[in-house]
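> from the sequence below, what's the structure:
(4 chains)
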There are 2 protein chains.
Amino acid sequence: MVVDMLSPDEVDRLFRALADATRRDILTHALTGEHSVTALASRYEMSFAAVQKHVAVLERASLVVKTRRGREQLVTADPDALATARRLLEQYEALWRHRVAAIDALLAED
Amino acid sequence: MVVDMLSPDEVDRLFRALADATRRDILTHALTGEHSVTALASRYEMSFAAVQKHVAVLERASLVVKTRRGREQLVTADPDALATARRLLEQYEALWRHRVAAIDALLAED
DNA sequence: CTAACGTGCAACCAAATGGTTGTAGATATG
DNA sequence: CATATCTACAACCATTTGGTTGCACGTTAG
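Numbers count the residues shown, from 1 in each chain, chains lettered A, B, ... in the order given. Model (predicted):
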């Protein structure tokens, strides 16, 4: 199983984007429907510009995409990116299982 | 399905710890065996202190634990934390699938 | 006992992050 | 046309991050 087709920088951006509660919340909403940036911003205490930056971070991590509808941008989540992140973690877990199997094999020799 | 027993801060630390190539590499080695901090540090160009800080970040994220052996600290990965991270992402994916199912249901009405 | 080793931590620095306000452009509305 | 709305972006600021060097402390080796 190849580690991935993502560059280290892309993996960095992916996990970094997920490492903020506001961004995870935005992602959750983007997963359950289409929302304009203004509609998303109205959910949080911070300024519109701050939310717009968070959306930009999610966009650079390929977690969401924006599509124009008139004067607004609709933000929607890209489930493939999430699947990629999950797959990365599964590969780390697989490494662990491999280690456990090796230890088991050693113990079985006794 | 409850989102998780982790606080938002703990989730932040988890993903943040994974958002650095050096730390992911350290984690990989910690998953495949026990290594002292010095042994890990010898693998990278940066100073010992820098690597020691990276290990501390992984430790605060509960991704690794350290156990003393004489004068050295052996770093080993905690697979449960990885499983937690993977489960978090699975829940986001589940949200997405729920949305797809809802759209499918709407289309089926026609 | 003394010297070397492994670790942790403080102080410092440059760059990135997460927030703010203000401005400007594109699109819709009256 | 004039105005309001939605978005993007620049400039600025405080804090955090990721690196450095230097030092102190506990443990092992000679």
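> count of neighbours near the nearest residue to A:Phe48 once chain neighbours are set aside?
Computed as Cβ to Cβ, 6 or more residues apart in numbering or on different chains, the closest residue to A:Phe48 that is not its neighbour in sequence is A:Ala41, at 4.5 Å. Backbone N, C-alpha and C define where each C-beta goes, glycine included. Residues within reach of A:Ala41, counting by other Cβ atoms under 10 Å in any protein chain shown, total 19.
> OK, contacts around A:Ala41?
When contacts are counted by Cβ atoms under 8 Å, 6 or more residues apart in numbering or on different chains, A:Ala41 touches A:47-48, A:51-52.
> of the residues you listed, which ones also sit close to DNA strand D?
A:48, A:52 (Cβ under 7 Å from any atom of the strand).
> now, of the contacts of A:Ala41, which are buried?
With burial judged by 16 or more other Cβ atoms under 10 Å in any protein chain shown, the buried subset of these is A:Val51.
> and the closest residue to DNA strand C within chain A, how many neighbours does it have?
Nearest residue of chain A to DNA strand C: A:Gly70, at 2.7 Å (Cβ to the nearest atom of the strand). The number of residues packed near A:Gly70 is 7, by other Cβ under 10 Å.
> equivalent analysis for A:Ser7, please.
10.
> and for A:Leu14?
For A:Leu14, using other Cβ under 10 Å, the count is 24.
> for chain A, which spans come out with low pLDDT?
A:1-4, A:92-93, A:95-110 (pLDDT under 70).
> do that again at 90, thanks
For chain A, the stretches flagged by pLDDT under 90 are A:1-7, A:11, A:31-33, A:77-110.
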